[in-house]
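Engineer: what's the 3D shape of this:
(one chain, ligands or ions: 1)
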Amino acid sequence: MERNFSQRADAIAPSVTLAIDAKAKEMKAAGVDVVGFGTGQPDFDTPDFVKDAAKQALDEGFTKYTAAAGIPELRQAIADKFKRENGLDYKPSQIVVSCGGKHSVFNIMMVLCEEGDEVIVPVPYWLSYPEIVKIAAATPVVINTGDETDFKVTPDQLRAAITPKTRLFILNSPSNPTGVVYSPEEIKALGDICIEKGVLIMSDEIYEHLLYDGAVHKSVASFGPEYKEHTIIVHGLAKAWSMTGWRLGFIAAPEAIAKRVSALQSHSTSNPTSFAQKGGVAALTQPMDHLEGWMKAFTERRAYAYDRLSSMPGMSCYCSRGAFYLFPNISGTGLKSSDFCARLLEEENVAAVPGLAFGADDYIRISYATSMEQIEKGLDRMEQFCKRLV
Ligand code: PLP
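Structural biologist: From the prediction side, this is the model:
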């Protein structure tokens, strides 16, 4: 047979973060004392009040199909969240709940992009963005940023990257993998250019609640009606409620986009899991009291890890202000990220994600969503490793 797979399938690179996580788990299962810095999820459990709501839903037999775009109660709770926290008025018909934020991104690309379209993706990027753009047959166009500019895209860079083919600009603040948080002024300046040029913005705000050092989150949609008309917000329950396995993400978008996303989803996954959605309602309607303890722990770990990484031979570190990642520059060690991470795992049993996976080969991603004890142990080992290199 001449052709085995579609071009679409052959163009996709598997998720490196999931692969590293799997490798670290495999080593652990084989009895190796591995320290994992690869994880993209909080090490805390889903809050009980969320679990209880899902358990109750199961007990009450809430186990059947729901509306493809999500139950009205959850879409209303999401609309209320945007009003309460972001000052944004969305009708439930502008909200679509999907099986994770990743699924939301997938749906958006499939609905908005086609062959010949360009999607602007700042580097370092969350690794699924360019792959999903390619699945949608569009072309990712990268804008390079580095720690010397705090990993931020400047208005001039954005302007220069836009062509008549540009369909979407992807904005992710707070960011995975860098933890950078754009200021409201910076966000507005990028939004202004998109409005001027008729480019839509996909604003991924999934790390909205995880902020440090007085950083503030402001959605680009909230600067006025025109900004909102140009923006699709992607969000989800994975990070701030530790619900990664529940698979609940959502978008808020202009009605015409939401309608098409909903239609697309109705022919693929249909609804997100019925009883998980009831957990989602609880998450979005109850106070986020759990977050106080989590943020205290994240703040301590971040400060410790930042100090340690900054003083390691061959490394320098940008001090992130969001999410739960640090993205140190390893260029002083003489290694590129894949070699660095492969050797670190092999020689010191420490798993970190190579920056190459995020388009930035001089960096590695360290997730501090693990215990302080593990962080200390892992960074001790990493320090030994760097000392041998430099
Ligand atoms: N967006 C960003 C920037 C992420 O880092 C992630 C998860 O790692 C997601 C979206 C999607 O998360 P999920 O599909 O688990 O909701």
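
Engineer: can you list the residues of the stretch 201-350 of the chain near the ligand?
Structural biologist: 204, 206, 236, 238, 244, 249 (C-beta under 6 Å from any ligand atom). C-betas here are computed from N, CA, C, even on glycine.

Engineer: kindly state the beta-bridge partners for the last one.
Structural biologist: Meaning residue 249. Beta-bridge partners recorded for residue 249 (DSSP bridges): residue 98, residue 236.

Engineer: how near is the residue nearest to residue 357 when sequence neighbours are not counted to the ligand?
Structural biologist: The spatial neighbour of residue 357 that comes closest, neighbours along the chain excluded (C-beta to C-beta, 6 or more residues apart in numbering), is residue 16 at 3.7 Å. To the ligand, residue 16 is 12 Å away according to C-beta to the nearest ligand atom, to the nearest Å.

Engineer: same thing with residue 242?
Structural biologist: For residue 242, the distance to the ligand - C-beta to the nearest ligand atom - is 11 Å.

Engineer: residues near the residue lying closest to that residue once chain neighbours are set aside, how many?
Structural biologist: Spatially, and ignoring its direct neighbours in sequence, residue 242 is nearest to residue 42 (4.3 Å; C-beta to C-beta, 6+ apart). By other C-beta atoms under 10 Å, the residues close to residue 42 number 24.

Engineer: what's the per-residue pLDDT of residue 42 here?
Structural biologist: Residue 42 carries a pLDDT value of 94.

Engineer: so it, which of the three states?
Structural biologist: coil (DSSP: H, G, I helix; E, B strand; the rest coil).

Engineer: so who does it touch?
Structural biologist: Taking C-beta atoms under 8 Å, 6 or more residues apart in numbering, we find residue 42 in contact with 239, 242, 294, 324, 369.

Engineer: name the nearest residue to the third one, sequence neighbours excluded.
Structural biologist: Spelled out, it's residue 294. In space, residue 294 is closest to residue 44, 5.5 Å off (C-beta to C-beta, 6+ apart).

Engineer: what is the burial count for the one you found?
Structural biologist: Neighbour tally, residue 44, other C-beta under 10 Å: 15.

Engineer: follow-up on the earlier one: make TSV from the residues of the stretch 201-350 of the chain next to the ligand and add neighbour count, pLDDT and distance to residue 216 to it.
Structural biologist: Output for these, formatted as TSV (neighbours: other C-beta atoms under 10 Å; pLDDT from 0 to 100; distance: C-beta to C-beta, whole Å):
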residue	neighbour count	pLDDT	distance to residue 216
204	26	98	17
206	26	98	17
236	29	98	20
238	22	97	22
244	18	97	25
249	27	98	23
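
Engineer: export these to a markdown table and tack on distance to residue 375?
Structural biologist: Output for these, formatted as a markdown table (distance: C-beta to C-beta, whole Å):
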| residue | distance to residue 375 |
| --- | --- |
| 204 | 26 |
| 206 | 23 |
| 236 | 26 |
| 238 | 21 |
| 244 | 20 |
| 249 | 28 |
